[in-house]
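# sequence and computational prediction follow.
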Amino acid sequence: MTTATLDTLGRLESEAIHIFREVAGEFDRPVILFSGGKDSTLLLHLAIKAFYPAPVPFPLLHVDTGHNFDEVIEFRDRVVAQHGLRLEVAKVQDWIDDGRLQERPDGTRNPLQTVPLLDTITAHKFDAVFGGGRRDEERARAKERIFSLRTAFGQWDPKRQRPELWNLYNGRHRPGEHVRVFPLSNWTELDVWNYIEREGVELPDIYYAHEREVFLRDGMWLAEGPWGTAREGETLVRKTVRYRTVGDGSCTGAVESDAADIHAVIAEVAASRLTERGATRADDRLSEAAMEDRKREGYF
Amino acid sequence: MSDLLRLATAGSVDDGKSTLVGRLLYDTKSVLADTLDAVHRASADRGLATPDLSLLVDGLRSEREQGITIDVAYRYFATPKRSFVLADTPGHVQYTRNTVTGASTAQLAVLLVDARKGVIEQTRRHAAVLALLGVPRLVLAVNKIDLVDYDEVTFSRIAKEFTAHATALGYTEDAVVEIPVSALAGDNVVEKSANTPWYSGPTLLEHLETVPVEPDPHDAPFRFPVQYVIRPRTAEHLDYRGYAGLVAAGTVKPGDEIVVLPSGRRSTVTKIDTADGELAEAAAGQSVTLLLADDIDISRGDLISVAGNEPKVTDELDATLCWLAEKPLRAGARVLVKHGTRTVQAMVTELRDRFDEQRLSSVDSPATLELNEIGRVALRLAEEVPLDDYSFSRRTGSFLVIDASDGSTLAAGLVGAPLPLLENGVESCTEGGENAAPDTHALVSPGP
């Protein structure tokens, strides 16, 4: 007897759908972290497929640093409206305004997301939080489980993580604890792009080549925005660029690229000699163990 | 040929496993320039003359400080022939549970030994765990072959000893391959080595690229644990009621007669739905939604099976446990069992035996099962559950044992006695007995 065998993308999709359904079956208040970036957009696409033809049974949460690209926020709101989803926004600015957080001297707000995220999880009693993290992104993430238990303080202890056997996920947690869930764990950056092409998933325009005023800092092309502009000795220049990742504008760099459509992006990613985060994220370059430290504190 | 191979690595501390994995990533050009720069810098900081490839994979600060690997890490690399998902499992004795984790989904395992030490206790333990978990194929990488001057006799002796051990565990000879390598120098990992002219076999990567991958058997009886009931209750889909899940075994087509377990109610599949449209057939590994002809009561935790070839439904269970918790298991323990999509209360009524992986024999009626120990137990379940043997299906024959109080995973459970040794109870000896014959190979039945 012959049956269609699943290719790599088919297996990854099937695994992600299985994970979404396990969480829907076992948790009371799951939420999907959704920024409008490519990984969270892919996450939402898979969630929609998992529950078709019913609506996605989870709300979305965006931890908004205020350092956003306008195109991404427009895209976020359009997608939410199009699918009739509920979006909760936790604004870092609100935490700064009432004194719970202080602006950092370097102006970067990525590390400031942790407290608003944990406060919002607690306030809404979210017990499962879907993130778009992939194990191929970074060494500390390579050891992340698909179901990752967090303490009431949102902390991740690598030695307390449960063994993950077969495709049986153990999501049990005590009151106040929650589980971070990573359906894209086994995807690589190239898998993500190949799947986006195959499924025709729409992304914000900034992932494709466009002209933008940028300046060079620490070897990365940064755009100007609410987070600041070129300092002395740095000059704004107009370049054709695109983004490989989208995060806080103050520390997310663009790459010089002519890849204006999905085919060109896939060709570029396949040939790239730099990792996605190494190329574009200043926050991961801080130290050898930067990501491990932030994860322990409750960052994704 | 399959375009994806899931593999696991296993080996003792200092066998050079991280270096081997680093070498595979490095030589397949899966390491990008910025990562490589970081490794070069870190190696120079440590005063090393050549880049330490283990730094590519030892991710956590605590393990870089101690120079050991303490948790399963997943690596992704690809060649034009195949994509690989590699579970890199640590070799520390107290972390054998990670080997179980990595092996539970692996289609092949690479076991490392140090050519100077040969097959040691850990090698035998790991091979037994891999056999128990049903990893279909093994590779023995005889590492640090440069440190024994590329000696053929040393390699042959180790290969022969390992083959005998693997055969005793139920592997056929063509399921086991031994390769002389030096992860540090790169011999026979990706590039064929000029230093081992006496070795005519494939390099490690060549073997990984070409080894047959056992597909999910299509002729197996259909099994479908129900994860979630999809009821849109929208104007467009007012009466839609679909059962969402991942096909665990076999195939299903519209028109197939099914039985819902444990209730035993029967119906017929009318439609296999996905977001991309209806399917004419779904096979093991696919996430789909089933619609049935009859409006019967089905919820999460139920198993949909082909009618006529069903698993047994029982509240008594003989199982093999790999005990993964610090606190030991004793008879009378109350636990939770998660099987498929159902979690039930359970009691361990008896510890039948403990597997002695050194002697390949079993110890009857042990008082406890300690961390990293494997043994057969009897369980009584609070309700009836449909169970297949692990030797029938790694998906429907497996379960977790969970601590009801703190939620931690206590054990990996396998329905039945998947390791032929345990099943046959060869050469049983009493607790603490030292006189069992070390060589029990001849007593072992053929593989699973």
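Sure thing, it's come through. Numbers count the residues shown, from 1 in each chain, chains lettered A, B, ... in the order given.

# chain B contacts on the stretch 1-150 of chain A?
A:1, A:3-8, A:10-11, A:13-15, A:17-18, A:21-22, A:24-25, A:48-55, A:135-136, A:138-140, A:142-143 (CB under 8 Å from any CB of the partner chain). For the C-beta atoms, the positions are set from N, CA and C on the backbone; glycine is no exception.

# any of those buried? List them.
A:3, A:5-6, A:8, A:10-11, A:13-15, A:17-18, A:21-22, A:24-25, A:48-52, A:54-55, A:135-136, A:138-140, A:142-143 (16 or more other CB atoms under 10 Å in any protein chain shown).

# so where do the strands sit in the stretch 201-300 of chain A?
Applying DSSP state E, counting those that start in this stretch to the stretch 201-300 of chain A gives strands spanning A:210-217, A:220-223, A:237-242, A:255-256.

# let me fix that: the stretch 51-200 of chain A
A:60-64, A:87-91, A:128-130, A:147-150, A:178-181.

# point out the most buried one among the strands of the stretch 201-300 of chain A.
Ranked by mean neighbour count under mean count of other CB atoms under 10 Å in any protein chain shown, these are led by strand A:220-223, which reaches a mean of 20.

# wait, does it contact chain B?
No: using CB under 8 Å from any CB, strand A:220-223 never reaches chain B; the gap is at least 11.5 Å.

# low pLDDT regions in chain A?
Residues of chain A meeting the criterion pLDDT under 70: A:1-5, A:139-140, A:158-160, A:272-300.

# domain ranges for it?
Domain assignment of chain A by automatic domain parsing yields the ranges A:8-190+A:290-297, A:204-285.

# any chance of JSON lines for these, columns distance to B:Ile298?
Listed next are the domains of chain A as JSON lines, based on distance: least, CB to CB, whole Å:
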{"stretch": "domain A:8-190+A:290-297", "distance to B:Ile298": "13"}
{"stretch": "domain A:204-285", "distance to B:Ile298": "41"}
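
# ramachandran coordinates for the closest residue in space to B:Lys17 that isn't next to it in sequence?
Once flanking residues are discounted, B:Lys17 sits nearest to B:Gly11: 4.6 Å by CB to CB, 6 or more residues apart in numbering or on different chains. Here is the backbone geometry of B:Gly11 (degrees, to the nearest 10): phi 170, psi 170.

# one more: A:Pro163?
phi -60, psi 140.

# just B:Ile258 next, same as before
The phi and psi values for B:Ile258, taken as degrees, to the nearest 10, are phi -130, psi 160.

# what is the burial count for it?
Residue neighbour count, defined by other CB atoms under 10 Å in any protein chain shown, stands at 23 for B:Ile258.

# residues contacting the closest residue to it other than its chain neighbours?
In space, and not counting its chain neighbours, B:Ile258 is closest to B:Ile304: 5.2 Å by CB to CB, 6+ apart. Contact analysis of B:Ile304 by CB atoms under 8 Å, 6 or more residues apart in numbering or on different chains lists B:222-226, B:243, B:245, B:258-261, B:290, B:298.

# between these, which is nearest A:Tyr195?
B:Gly245 (21.9 Å; CB to CB).

# including distance to B:Ser393, could the strands of the stretch 201-300 of chain A go into JSON lines?
Listed next are the strands of the stretch 201-300 of chain A as JSON lines, based on distance: least, CB to CB, whole Å:
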{"stretch": "strand A:210-217", "distance to B:Ser393": "51"}
{"stretch": "strand A:220-223", "distance to B:Ser393": "50"}
{"stretch": "strand A:237-242", "distance to B:Ser393": "46"}
{"stretch": "strand A:255-256", "distance to B:Ser393": "46"}
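
# any idea which of those gets closest to B:Phe155?
strand A:255-256 (47.2 Å).

# that closest one near chain B at all?
No: shown here: strand A:255-256 not in contact with chain B (CB under 8 Å from any CB), separated by at least 12.2 Å.

# distance between that strand and the chain's centre?
Remark: strand A:255-256 is offset 20 Å from the chain centroid, using CA atoms, centre = their mean, to the nearest Å.

# mind listing the helices for the stretch 1-150 of chain B?
B:17-27, B:33-45, B:61-66, B:96-104, B:121-132 (DSSP state H, counting those that start in this stretch).

# then the stretch 101-250 of chain A?
A:114-124, A:189-199.

# what would the ones you listed look like in CSV with mean neighbour count?
Converted to CSV, these look like this (neighbours: other CB atoms under 10 Å in any protein chain shown):
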stretch, mean neighbour count
helix A:114-124, 18
helix A:189-199, 19
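
# tell me which of those helices sits nearest to B:Pro202.
Of all these, helix A:189-199 comes closest under CB to CB, at 26.3 Å.

# quick one: list the elements packing against the closest one.
Where contact means 3 or more CB pairs under 8 Å, 6 or more residues apart in numbering or on different chains; DSSP states H and E, helix A:189-199 is packed against helix A:8-26, helix A:38-51, helix A:262-271.

# and the angle for it with helix A:38-51?
Here the directions of helix A:189-199 and helix A:38-51 differ by 50 degrees (axes from the mean of the first three to the mean of the last three CA atoms, to 10 degrees).

# just how off-centre is helix A:189-199 within its chain?
Worked out by CA atoms, centre = their mean, helix A:189-199 lies 15 Å from the chain centre.

# alpha carbons only: can I get it in CSV?
What follows is helix A:189-199, C-alpha atoms only, in CSV (Å, rounded to 0.1, in the frame of the first residue of the first chain):
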residue,chain,number,x,y,z
GLU,A,189,15.9,29.3,10.1
LEU,A,190,15.9,27.8,6.6
ASP,A,191,12.9,25.5,7.5
VAL,A,192,11.0,28.6,8.6
TRP,A,193,11.6,30.4,5.4
ASN,A,194,10.9,27.3,3.2
TYR,A,195,7.6,26.8,5.1
ILE,A,196,6.7,30.5,4.8
GLU,A,197,7.2,30.2,1.0
ARG,A,198,5.2,26.9,0.8
GLU,A,199,2.3,28.2,2.8
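
# nothing else from me, thank you.
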